[in-house]
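Visitor: Below is the structure, and that's it, no one-letter string:
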C-alpha cells in the first residue's frame with residue numbers, strides 16, 4: 001500500500017480586502033513594511049509621513065488612496081488630517097516617533113516634554129482625532145517597546161513611557177469600544193531608525209543579538225508587520241500589549 005500523500009494548496013481570500021488602513025509613519029521601517037503587508041492582504045492604503053520625499057517614494061511603490069506629509073508630533077496637524085478624511089477607515093497604525101535618550105538630570109524641560117509628547121500625548125491625540133472615523137471592530141494600533149522595562153542611567157523618559165503605554169492602551173480600549181485599541185512592544189528591530197541611532201555600532205549590535213537572542217536572529221520590520229496585520233484582522237484583540245523582541249527582554253545586554 002502506498003503511503004504517499006498529496007499536498008493540497010491552501011487558498012484564502014485576502015484578509016483586509018475592502019478595508020482601509022491608515023499608516024502614520026508609513027514611508028520607512030515598520031510603517032512601510034506594515035503598509036506593504038496590508039496592501040498584499042487587499043487593503044486600500046492612506047499613508048502619512050514627515051518626510052515628503054520618502055513619502056513620495058513609498059506612494060510610488062504602494063499606490064495609496066492618498067498621502068499626507070506632516071509631523072505626527074503636531075497635535076493640530078493630526079486633528080486636521082483625520083478631520084479631513086472624506087470617509088470612514090478601518091485601521092490606524094502609528095509608527096511615527098523615536099526614543100529620546102539621556103540622563104534625566106541633564107535634560108531640560110523641553111527635552112523631557114518632547115519625550116512624553118512623542119508617544120504618550122501623540123497616542124492620545126490620535127485616539128481623540130481618529131476614533132470617530134474608524135468603523136466598529138477596527139483598531140488603533142500603536143508602537144511601544146520592551147527595552148525600557150529595564151531601568152538604566154541614560155534611558156531618559158523611555159522607561160516612564162514604556163510603563164505608561166499599556167495602561168493608556170487599556171483605558172482607551174474601554175472608552176473607544178467597539179473600536180479596538182492595541183499596542184505592539186518591540187525590542188531592537190533592524191530599521192533605518194535603528195541604523196541612525198546606532199551608527200557605526202549597528203553591525204556589532206546585530207551580531208550580539210544573533211548570538212544571544214533565543215531566536216538566534218534579529219527582528220525585522222516584516223516580523224512586526226505580520227503581527228500588526230494579525231491584530232487588525234483578529235477582532236477579539238483589544239486593550240492588550242503584544243511583545244515582539246525575539247526574547248531580548250529575557251537575556252542580558
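Guide: In hand now; what should we look at? Bear in mind the structure is a predicted one, so any value in this text is a computation, not a measurement.

Visitor: and the host helix or strand of residue 113, which residues are buried?
Guide: Assigned by DSSP states H and E, residue 113 belongs to helix 109-116. By neighbour count on 16 or more other C-beta atoms under 10 Å, the buried set for helix 109-116 is 112, 114-115. C-beta: built from backbone N, CA, C; applies to glycine.

Visitor: From the contact counts, what lies against that helix?
Guide: Applying 3 or more C-beta pairs under 8 Å, 6 or more residues apart in numbering; DSSP states H and E, one finds that helix 109-116 makes contact with helix 158-176.

Visitor: Just the angle for the following helix or strand past the helix it packs on relative to helix 158-176, thanks.
Guide: Remark: after helix 158-176, the chain's next helix or strand is strand 180-186, criterion DSSP H and E. Angle of strand 180-186 versus helix 158-176, following axes from the mean of the first three to the mean of the last three C-alpha atoms, to 10 degrees, is 160 degrees.

Visitor: I figured residue 212 hits residue 249, correct?
Guide: No: with contact defined as C-beta atoms under 8 Å, residue 212 does not reach residue 249; the gap is 11.8 Å.

Visitor: thinking again about what came up before, which strands and helices sit next to the next helix or strand after the helix holding residue 113?
Guide: As assigned by DSSP H and E, the chain's next helix or strand after helix 109-116 is helix 122-130. With contacts taken as 3+ C-beta pairs under 8 Å, 6+ apart, helix 122-130 sits against helix 75-83, strand 89-94, strand 134-145, helix 158-176.

Visitor: what's in contact with helix 122-130?
Guide: Contact with helix 122-130 is made by 22, 24, 72-73, 75, 78-79, 81-83, 89, 92, 94, 96-97, 140, 142, 165, 168-169, 172, 176, 181, as judged by C-beta atoms under 8 Å, 6 or more residues apart in numbering.

Visitor: List only those of those flagged as buried.
Guide: Buried by 16+ other C-beta under 10 Å: 22, 24, 72-73, 75, 78, 81-82, 89, 92, 94, 96-97, 140, 142, 165, 168-169, 172, 176, 181, out of the contacts of helix 122-130.

Visitor: quick one on the thing from earlier: what do residue 212 and residue 249 both touch?
Guide: Residues touching both residue 212 and residue 249 (C-beta under 8 Å, 6+ apart): none.

Visitor: rewinding a little: for the helix holding residue 113, the distance to its chain's centre please.
Guide: 21 Å (C-alpha atoms, centre = their mean, to the nearest Å).

Visitor: If you average the pLDDT over it, what comes out?
Guide: Helix 109-116 carries an average pLDDT of 83.

Visitor: what's the angle from it to helix 158-176?
Guide: Using the same axes, to 10 degrees: helix 109-116 against helix 158-176 is 50 degrees.

Visitor: Identify all contacting residues around helix 109-116.
Guide: Helix 109-116 is contacted from outside by 73, 99-100, 102, 104, 107, 156-158, 160-161, using C-beta under 8 Å, 6+ apart.

Visitor: angle of it against helix 122-130?
Guide: Going by the same axes, to 10 degrees, helix 109-116 makes 60 degrees with helix 122-130.

Visitor: Does residue 142 touch residue 165 like I think?
Guide: Yes: using C-beta under 8 Å, residue 142 is in contact with residue 165, at 7.0 Å.

Visitor: I'd like to know how far the residue nearest to residue 141 when sequence neighbours are not counted sits from residue 114.
Guide: Once flanking residues are discounted, residue 141 sits nearest to residue 93: 4.7 Å by C-beta to C-beta, 6 or more residues apart in numbering. Noted for residue 93: a distance of 22 Å to residue 114, by C-beta to C-beta, to the nearest Å.
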